[in-house]
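Student: Whatever this is, show me its structure:
(chains A and B)
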2 protein chains.
Amino acid sequence: MLEEDFMSRWMNKIGPESDVVISSRIRLARNLDNICFTNQANNNDLEEILNIINNLLLENNKFNLRLLLLDDFSKTRKKMLVERHLISPDLAKDGRHKAVALSDDETISLMINEEDHLRLQVLYPGLQLQESWDLSDQIDDYLENCIDIAFDEKYGYLTSCPTNVGTGLRASVMIHLPALTMINRVQNIMTAISQLGLAVRGLYGEGTDTVGNLYQISNQVTLGRSEEDIIQNLLEVTHQIIDKERNARSILLKEKELFLKDQIYRAYGTLKYAYKISIQEAMKLISNVRLGIDLGIIKNVDPIILNQLMVIIRPSTLETIKNKDMTLEERDIYRAELIRERFSEEGKDDF
Amino acid sequence: MLEEDFMSRWMNKIGPESDVVISSRIRLARNLDNICFTNQANNNDLEEILNIINNLLLENNKFNLRLLLLDDFSKTRKKMLVERHLISPDLAKDGRHKAVALSDDETISLMINEEDHLRLQVLYPGLQLQESWDLSDQIDDYLENCIDIAFDEKYGYLTSCPTNVGTGLRASVMIHLPALTMINRVQNIMTAISQLGLAVRGLYGEGTDTVGNLYQISNQVTLGRSEEDIIQNLLEVTHQIIDKERNARSILLKEKELFLKDQIYRAYGTLKYAYKISIQEAMKLISNVRLGIDLGIIKNVDPIILNQLMVIIRPSTLETIKNKDMTLEERDIYRAELIRERFSEEGKDDF
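Tutor: Here you go, the predicted structure:
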């Protein structure tokens, strides 16, 4: 099996502001009218929901979605879909009649029988919140035209959890903040962002440590604001953070160029040659190399490779590629092997 | 000035058992008859000693030695000669009429007005104690034929310090023990060696830490044993250590190949790409790469480069090459630069 199968096609593209923003995501929570919410639903309800979507896709598959029944998937394969951000950890848990419908390039993902009956996601590379929203809106219209969605004139879309009621919208960006991390500014900024009604969380590795200087910012409020407002607000904050990160980078480049080059090239050298590497170390080094590319210090490495690596080196993706359960050590060894291969495809190989 | 000027030509050769033995050294302490030992000598005495050797070299320079007057040398340049093992730290200290006579390839070094009037050194790559002794013996004969050497029928050669009386001989080998270090066996072996009347010391970096898994073993006893006995004893012990180190290497290669490869290639990657490196780190990494070459894991790097690097990256040699005093940080940066240059000359360069 090719590793390529384990990456979403959208990862092969670089979006706007990609020096700081890795990806933009819109998620809409929707429920079918007159059927219990998933947590109250019995097997028949869940089956009915799945059938409705299955029939819809058979009759009028406007966005070319492919339905995958998670009952058929191994635990590892489900976790791999989580690591690719195609399904939520919740959907990967045991349970019947769970499914996800994906577009070919995996930009669109429609989860079925998650916390809500339907969770639509649109995921784009770089800063493309507006574009993600536009596509989500089209898909939402298509769904509403074909099936009955639970909607209240006063509250808006009804959802299983009250925090999603209203727009049912969660908009988020994944951002890479190596320079702000180096100058110890991330914590301050994150606190300020939280006060603006936005939530911030790090990307996690094998355990609970934030890895690779990656952070996700998303809206907290779904009720009482329009979708456009929510997206506009997140966009503004994201642009401010982009400015701060770029500013931190140019200061570092001006005042500590040698320190930066040392960090960046050591990271490159280690990724290129290590035979065993933890996800924490790998993500940290990938972050440094990515910074080197974005600063023009490293010229011969395609940033796409790093985007891809950030996904394929994750534990369950490694196990799915290798098609077997692995110990932590086996994963560390296989992870190093995949990384070495990528880097020797890229630069000239020394051995 | 070329860096090549800062290396002894003998360093460009690889000697026998060079996977473990870096170099072999013979040192003979000799004093002129009827002149006070150096520590008691006045300026006239010291001048006379220097003149005697100067005249000898002008009249009958059988071994083509070139006399360098240390009074003319800067402190840094003198320390550089110490780092190349051509003069002792003692000779580098302030003091008049100090000198060293060197052969072209710097295999032979004759120090004048050190602790003894004359200290002859022969330094060969690899395990060549017998060869070093044979050459030392010839030079010793030549000196004795031309000048009056202090010799007592009962005690042998008379020396300034009683620990050198007798043969005046110090034989030593510089050995590289990365595998025994990795499996924590060095301390035991060193204790055993000390009990055999041999002295062991590590090679030091900028401070007092042992660096690069390099150790020097030398005889302690100079009195009551023949030169042949002393050399034979050191040779035997050295062969035993070579066996132990090679054994440790094959065990590691068999049982921990991946761990070894990881250590070795990470070292290679860091040396190749770092922009700032301390002597301690550099020596440790060079030791790992050298082990990789000796185990056949790294194939495209010439071990000679590492022998050379071990010398040119030392503090005073760096300052002499750059021809200026440097801060610790400046040295760390320049050291990394020299190492990168060597490695990119060697392998294919990536950038």
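Student: what's the closest non-adjacent residue to the residue in the stretch 51-200 of chain A that chain B sits nearest to?
Tutor: Nearest to chain B, among the residues of the stretch 51-200 of chain A, is A:Met182, at 15.4 Å (CB to the nearest CB). For the C-beta atoms, the positions are set from N, CA and C on the backbone; glycine is no exception. Setting aside the residues directly before and after it, A:Met182 is nearest to A:Leu252 in space (CB to CB, 6 or more residues apart in numbering or on different chains), at 6.4 Å.
Student: pretty sure the one you found contacts A:Arg185?
Tutor: No: with contacts counted by CB atoms under 8 Å, A:Leu252 stays clear of A:Arg185, the gap being 11.3 Å.
Student: about what we covered before: just the pLDDT for the residue nearest to A:Met182.
Tutor: pLDDT for A:Leu252: 94.
Student: Would you pull up how far the host helix or strand of it lies from the middle of the chain?
Tutor: Per DSSP states H and E, A:Leu252 falls inside helix A:227-255. In terms of CA atoms, centre = their mean, to the nearest Å, the centre of helix A:227-255 is found 19 Å from the chain centre.
Student: all helices of chain A, in order?
Tutor: A:43-59, A:75-83, A:89-92, A:129-146, A:178-182, A:186-194, A:227-255, A:257-273, A:279-294, A:303-312, A:315-322, A:328-346 (DSSP state H).
Student: roughly how far out does the fifth one sit from the chain middle?
Tutor: Meaning helix A:178-182. Mean C-alpha position of helix A:178-182 versus that of the full chain (CA atoms, centre = their mean) differs by 21 Å.
Student: what's that helix packed up against?
Tutor: For helix A:178-182, the elements it packs on are helix A:227-255, helix A:279-294, judged by 3 or more CB pairs under 8 Å, 6 or more residues apart in numbering or on different chains; DSSP states H and E.
Student: and the last one, does that touch chain B?
Tutor: Okay, so that is helix A:279-294. No: using CB under 8 Å from any CB of the partner chain, helix A:279-294 stays clear of chain B, coming no nearer than 10.5 Å.
Student: want to try JSON lines for the helices of chain A, with mean neighbour count as columns?
Tutor: Formatted as JSON lines, those follow (neighbours: other CB atoms under 10 Å in any protein chain shown):
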{"stretch": "helix A:43-59", "mean neighbour count": "15"}
{"stretch": "helix A:75-83", "mean neighbour count": "20"}
{"stretch": "helix A:89-92", "mean neighbour count": "17"}
{"stretch": "helix A:129-146", "mean neighbour count": "17"}
{"stretch": "helix A:178-182", "mean neighbour count": "23"}
{"stretch": "helix A:186-194", "mean neighbour count": "15"}
{"stretch": "helix A:227-255", "mean neighbour count": "17"}
{"stretch": "helix A:257-273", "mean neighbour count": "22"}
{"stretch": "helix A:279-294", "mean neighbour count": "23"}
{"stretch": "helix A:303-312", "mean neighbour count": "20"}
{"stretch": "helix A:315-322", "mean neighbour count": "21"}
{"stretch": "helix A:328-346", "mean neighbour count": "18"}
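Student: ok, of those, where does mean pLDDT dip lowest?
Tutor: helix A:303-312 (a mean of 84).
Student: So what touches that one?
Tutor: A:3, A:6-8, A:11-14, A:18, A:22, A:83-84, A:125, A:212, A:214, A:282-283, A:286, A:289-290, A:293-294, A:317-318, A:321, A:338-339, A:342-343, A:346 (CB atoms under 8 Å, 6 or more residues apart in numbering or on different chains).
Student: Leaving out chain neighbours, which residue sits closest to the residue positioned nearest the centre of chain A?
Tutor: Against the mean C-alpha coordinate of chain A, by CA atoms, centre = their mean, the closest residue is A:His85 at 4.3 Å. Closest residue in space to A:His85, ignoring its immediate chain neighbours: A:Leu123 at 6.3 Å, by CB to CB, 6+ apart.
Student: any idea how far B:Leu123 is from that neighbour?
Tutor: Per CB to CB, to the nearest Å, A:Leu123 is found 66 Å from B:Leu123.
Student: ok, back up a step: how far away is the residue nearest to A:Met182 from chain B?
Tutor: A:Leu252 sits 14 Å away from chain B, going by CB to the nearest CB, to the nearest Å.
Student: Please name the residues that touch that residue.
Tutor: The neighbours of A:Leu252, taking CB under 8 Å, 6+ apart as the test, are A:179, A:182-183, A:259-260.
Student: for A:Gly126, same thing?
Tutor: For A:Gly126, the contact set (CB under 8 Å, 6+ apart) comprises A:14-18, A:21-24.
Student: excluding its backbone neighbours, what's nearest the residue of the stretch 1-150 of chain A found nearest chain B?
Tutor: Residue nearest to chain B within the stretch 1-150 of chain A (CB to the nearest CB): A:Asp19, separated by 19.9 Å. The spatially closest residue to A:Asp19, leaving aside those adjacent along the chain, is A:Asp294, at 4.1 Å (CB to CB, 6+ apart).
Student: where's the one you found relative to A:Ile339, distance?
Tutor: 19 Å.
Student: same thing with A:Asn113?
Tutor: Distance from A:Asn113 to A:Ile339, by CB to CB: 36 Å.
Student: before we move on, what about A:Leu158?
Tutor: Remark: distance between A:Leu158 and A:Ile339 (CB to CB) = 46 Å.
Student: How about the contacts made by A:Glu337?
Tutor: Applying CB under 8 Å, 6+ apart, we find A:Glu337 in contact with A:Tyr275.
Student: Tell me the residues of the stretch 201-350 of chain A that contact chain B?
Tutor: A:258-259, A:261-262, A:265-266, A:268-276, A:298-300, A:333, A:336, A:347-348, A:350.
Student: at 7 Å what do you get?
Tutor: Residues of the stretch 201-350 of chain A lying near chain B by CB under 7 Å from any CB of the partner chain: A:258, A:261-262, A:265-266, A:268-270, A:272-276, A:299-300, A:333, A:347-348, A:350.
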